[in-house]
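J.: Fold the following, please.
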Amino acid sequence: MLFLLIFTGYWIVFWQQYTSLPGYIHTYINAGADVELILITDALVVICLTLFVNYLISKLPAFQAIIFGTLITSLAWLILAFQPTVVGAVLSIFVLALGEITQQPRYYEYISRLAPPGQQGTYMGFAFLPIGIGSLVGGWFGGRVMHHFGEVTHQPQRAWWVISGVGVLTAVLLWIYDLVIKPSGQESRS
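T.: Next comes the predicted model:
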């Protein structure tokens, strides 16, 4: 359960493309931008590059791929922080999607290996817990961060630093978890 709670941070960062990014684009970049078209970038990258990226990282142990993907997804938002344009938004989502396809298949692989024999289905069901919690917390968190940096300090691009920080913290906590807790059986199966 500790792993799932830590991994919620990934989903808080990921969901910002749907909760914070559309308002950010319309308010601070271009009110006439076609956000739906921009958001398609994630699906296109996942569809087109999943097999290739997974081939590239196939030798990487599952948990390291999860940490690496979390880090990539988190740092993707810094592109938008440095280049607050429609192109910057598309590039951020492109890199975010690379992080997603780096960690997501390996995440489910890792979860299935944690399960005792005969309980893989139950464990796989719990694998969706961080997605739900991240969705609930992510909207609130993104709204608070965007309000503070957009309306209070008038530096909306700094919100992406905070959002990236949550993801980097998540990657660090995952790394510590792997060093300290490493569930039994993972050494031989990873």
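
J.: make it CA atoms for all contacts and neighbour counts henceforth
T.: Fine.

J.: what's the longest helix in this structure?
T.: helix 86-114 (DSSP state H).

J.: list the buried ones in that helix?
T.: 86, 88-104, 106-108, 110-114 (16 or more other Cα atoms under 10 Å).

J.: average model confidence for it?
T.: Model confidence over helix 86-114, given as mean pLDDT, is 93.

J.: for stretch 11-20, same thing?
T.: When pLDDT is averaged along stretch 11-20, the result is 96.

J.: and what of stretch 159-167?
T.: Stretch 159-167 comes out at a mean pLDDT of 98.

J.: mind starting the numbering at 320 from now?
T.: Sure, I'll start numbering at 320, so the last one becomes stretch 478-486.

J.: Pull that stretch out as PDB, backbone CA atoms only.
T.: Output for stretch 478-486, consisting of C-alpha atoms alone and laid out as PDB, is shown next (Å, rounded to 0.1, in the frame of the first residue of the first chain):
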ATOM      1  CA  ALA A 478       3.000  26.700 -11.300                       C
ATOM      2  CA  TRP A 479       4.700  24.200 -13.600                       C
ATOM      3  CA  TRP A 480       7.800  24.200 -11.300                       C
ATOM      4  CA  VAL A 481       5.700  23.200  -8.300                       C
ATOM      5  CA  ILE A 482       3.800  20.500 -10.400                       C
ATOM      6  CA  SER A 483       7.200  19.200 -11.600                       C
ATOM      7  CA  GLY A 484       8.500  19.200  -8.000                       C
ATOM      8  CA  VAL A 485       5.700  16.900  -6.900                       C
ATOM      9  CA  GLY A 486       6.700  14.500  -9.600                       C
END
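
J.: can you list the residues that contact it?
T.: 328-329, 332, 389-390, 392-397, 399-400, 461, 464-465, 468-469 (Cα atoms under 8 Å, 6 or more residues apart in numbering).

J.: Buried members of the residues you listed into ChimeraX, please.
T.: The following ChimeraX selection, which keeps only the buried ones among the contacts of stretch 478-486, applies the criterion 16+ other Cα under 10 Å:
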select :328,329,332,389,390,392,393,394,395,396,397,399,400,461,464,465,468,469
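
J.: Understood, closing this out.
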